[in-house]
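Participant: Sharing a model that was predicted from the sequence below.
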Amino acid sequence: MKNLQHLIKTTIFVCLTISSLFAQQDQLYSFEIYTGIYDTISVSFDENISSESTENFKGTHNAEIADLDLGIPTTNIWENSQYAKKQKASDNFDLYSYPLRTTIRTFLTFGDSTAGNCSGSMISSRHAIISKHCLVNFGTDTLTSFDSIYVCPIYNNGKRDACFDCAYVKKIFFFDELNSLQNDIAILELNRGIGRNTGWIGIGFNEDDAFFEEKVFHKFSYPGVTSFFEPFPYNGDTLYHSYGLLDEILSRYIGVVGAYGVPGESGSSIIHVDQEEDTYTNYGVLSTGTFKHARFKNAVFYAIKEIIEVFSTKPANSNQERSDFSLGPNPTSGYFSIRGINDRENAQVIIHDASGREVFPLTDLINCGEINLSHLASGVYFVSIIRGEETETRGLMLYIN
């Protein structure tokens, strides 16, 4: 058997602590880029293997699975195709259901400003996949100008959700080959394992073009601008869904003739659902406005698999893995949310002031709503999550105007 090696270029983000209110609180982070410093990893694989996929995980948030239509659409379709145009995901699905909650919106920060970027998907506990061109200048093969990147699941109507954590990007992996559509792929390593809560989809490849014929594929994305082809007021703040048959199946890409994507959708996954095997697998990410998806081939797949296996956290269902909850906003003027709790049904919340006096008990986290402390005085408080014999505590700074 012949083994091949494929190189991946990585750009390292360095995490700098800028403040910490107290020892038990999550630290606040700023990110800097070491420009010009790269590393490479080599990947070996058996080129005789014609198909493979990684496992998907449903997440710990809830057991609800979206009822995705596996039939061929016949209405609201692109001309001369069997692929439906985008609709608001919330019109047909519960946004908290799987796999919708694995879709992420990426944001770039510049000083005090934040700009929406691309769509993506969680593919492990702390890895997400998007398109390379979302972050890299194709003319120079260098990163675009930004201070940091963060990603949010269940971002809808311009708001992040109280049930789900966002995360910053620690490391970016992308391929050396600049002008190859097949390699318009980037993997983001996150500073938090938010995939434990959302779950993640698998990634897969199949060298047989016939595999993609007569199969329905689904897409969830954040279109960012209005286009001539779809004159809707897209602005990147709302999750959309489309699905249907692919009719462009080439070695470098897969897509739909006559369909169009818009900026903001780049990096979104094209997902196949196998009900019998209970799998949700991504076979490519949107790369161009003509609805072409960079198709995962063997070299690409095994490179991504290597990144996940080498850099991922412990399995999401590991009993040894503690939850990584956070409070936001922190500091707060009264209202805040608790995010990142895997088992909300069995969690109790108690809030103490700086003197240790209990000021707020809460026993129901199921609805993920905001907690109101505006009736309390400004100062430092401690929020404790209690599950059985285990207690975790975070600090909260309250400022009342």
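Facilitator: Received the coordinates, thanks. Not measured: the values here are computed from a predicted model.

Participant: Outline the domain layout of the protein.
Facilitator: Residue ranges for the domains of the chain, per automatic domain parsing: 3-311, 326-398.

Participant: Please identify the deepest-packed of these.
Facilitator: domain 3-311 (a mean of 19; mean count of other C-beta atoms under 10 Å). To be clear about C-beta, it is placed using only N, CA and C from the backbone, and glycine gets the same treatment.

Participant: Ramachandran angles for Arg101?
Facilitator: With angles defined as degrees, to the nearest 10, Arg101 sits at phi -70, psi -10.

Participant: contacting residues for the nearest residue in space to it that is not next to it in sequence?
Facilitator: Leaving aside its sequence neighbours, Arg101 sits nearest to Thr198 (C-beta to C-beta, 6 or more residues apart in numbering; 4.5 Å). Shown in contact with Thr198 (C-beta atoms under 8 Å, 6 or more residues apart in numbering): 59, 61, 101-102, 122, 153-154, 164.

Participant: Check Ala377 too.
Facilitator: Counting by C-beta under 8 Å, 6+ apart, Ala377 has contacts 398, 400.

Participant: Check the gap between it and Phe220 for me.
Facilitator: Per C-beta to C-beta, to the nearest Å, Ala377 is found 44 Å from Phe220.

Participant: just to revisit the earlier point, adding pLDDT, distance to Ile341 and secondary structure, write the contacts of Thr198 out as CSV.
Facilitator: Putting the contacts of Thr198 into CSV (pLDDT from 0 to 100; distance: C-beta to C-beta, whole Å; DSSP: H, G, I helix; E, B strand; the rest coil) gives the following:
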residue, pLDDT, distance to Ile341, secondary structure
Gly59, 89, 13, coil
His61, 81, 9, coil
Arg101, 96, 15, helix
Thr102, 97, 18, helix
Met122, 97, 18, strand
Pro153, 93, 15, strand
Ile154, 90, 15, coil
Phe164, 83, 10, coil
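
Participant: Which single one of those is nearest to Phe110?
Facilitator: Nearest to Phe110 among those, counting by C-beta to C-beta, is Pro153 at 22.7 Å.

Participant: Point out where this protein drops to low pLDDT.
Facilitator: Residues of the chain meeting the criterion pLDDT under 70: 1-39, 141, 176-182, 227-228, 231, 311-324, 342-345, 362-369.

Participant: most remote residue from it's center?
Facilitator: Farthest-out residue of the chain from its mean C-alpha position, per C-alpha atoms, centre = their mean: Ser355, at 39.6 Å.

Participant: from what I can see Phe205 touches Ala299, true?
Facilitator: No - taking contacts as C-beta atoms under 8 Å, Phe205 lies outside contact range of Ala299: 9.2 Å.

Participant: didn't Gly193 look like it was pressed against Arg126?
Facilitator: Yes - using C-beta under 8 Å, Gly193 makes contact with Arg126 at a distance of 4.5 Å.

Participant: Phi, psi for Cys134 please.
Facilitator: Dihedral angles (degrees, to the nearest 10) for Cys134: phi -70, psi -20.

Participant: Relative to Glu390, how far out is it?
Facilitator: In terms of C-beta to C-beta, Cys134 sits 39 Å off from Glu390.

Participant: Likewise for Tyr168?
Facilitator: For Tyr168 relative to Glu390 (C-beta to C-beta), the value is 26 Å.

Participant: Thr75 now?
Facilitator: 51 Å.

Participant: go on, Glu207?
Facilitator: Counting by C-beta to C-beta, the gap from Glu207 to Glu390 is 47 Å.

Participant: how about the helices in the stretch 201-350 of the chain?
Facilitator: Along the stretch 201-350 of the chain, the segments classed as helices by DSSP state H, counting those that start in this stretch run 298-311.

Participant: which stretches of it form strands?
Facilitator: 202-206, 216-221, 240-245, 248-249, 253-255, 269-274, 279-286, 292-295, 326-328, 335-339, 348-353 (DSSP state E, counting those that start in this stretch).

Participant: Leaving out chain neighbours, which residue sits closest to Ser53?
Facilitator: Gly204 (3.1 Å).

Participant: I figured that neighbour was touching Glu277, is that so?
Facilitator: No - with contact defined as C-beta under 8 Å, Gly204 and Glu277 do not form a contacting pair (11.3 Å).

Participant: mind listing what the closest residue to Pro361 other than its chain neighbours touches?
Facilitator: Of all residues not flanking Pro361 in the chain, Ile350 sits nearest, at 5.4 Å (C-beta to C-beta, 6+ apart). Ile350 makes contacts with 358, 360-362, 383-384, 386, as judged by C-beta under 8 Å, 6+ apart.

Participant: how about a cut-off of 6 Å?
Facilitator: With contacts defined as C-beta atoms under 6 Å, 6 or more residues apart in numbering, Ile350 is in contact with 358, 361, 384.

Participant: just to revisit the earlier point, a markdown table please, covering the strands of the stretch 201-350 of the chain and showing distance to Ser148.
Facilitator: Shown next, in a markdown table, are these (distance: least, C-beta to C-beta, whole Å):
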| stretch | distance to Ser148 |
| --- | --- |
| strand 202-206 | 25 |
| strand 216-221 | 22 |
| strand 240-245 | 26 |
| strand 248-249 | 36 |
| strand 253-255 | 30 |
| strand 269-274 | 23 |
| strand 279-286 | 22 |
| strand 292-295 | 25 |
| strand 326-328 | 16 |
| strand 335-339 | 19 |
| strand 348-353 | 30 |
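
Participant: out of these, nearest to Ser50?
Facilitator: That would be strand 202-206 among the strands of the stretch 201-350 of the chain, by C-beta to C-beta, at 7.0 Å.

Participant: circling back: where's the residue farthest from the centre of the chain, which helix or strand?
Facilitator: Using DSSP states H and E, Ser355 sits within no helix or strand.

Participant: gap between it and Thr393?
Facilitator: Separation of Ser355 from Thr393 (C-beta to C-beta) stands at 15 Å.

Participant: likewise Asn330?
Facilitator: 13 Å.

Participant: And for Leu100?
Facilitator: Leu100 is 32 Å from Thr393, by C-beta to C-beta.

Participant: Pro233 now?
Facilitator: Pro233 is 44 Å from Thr393, by C-beta to C-beta.
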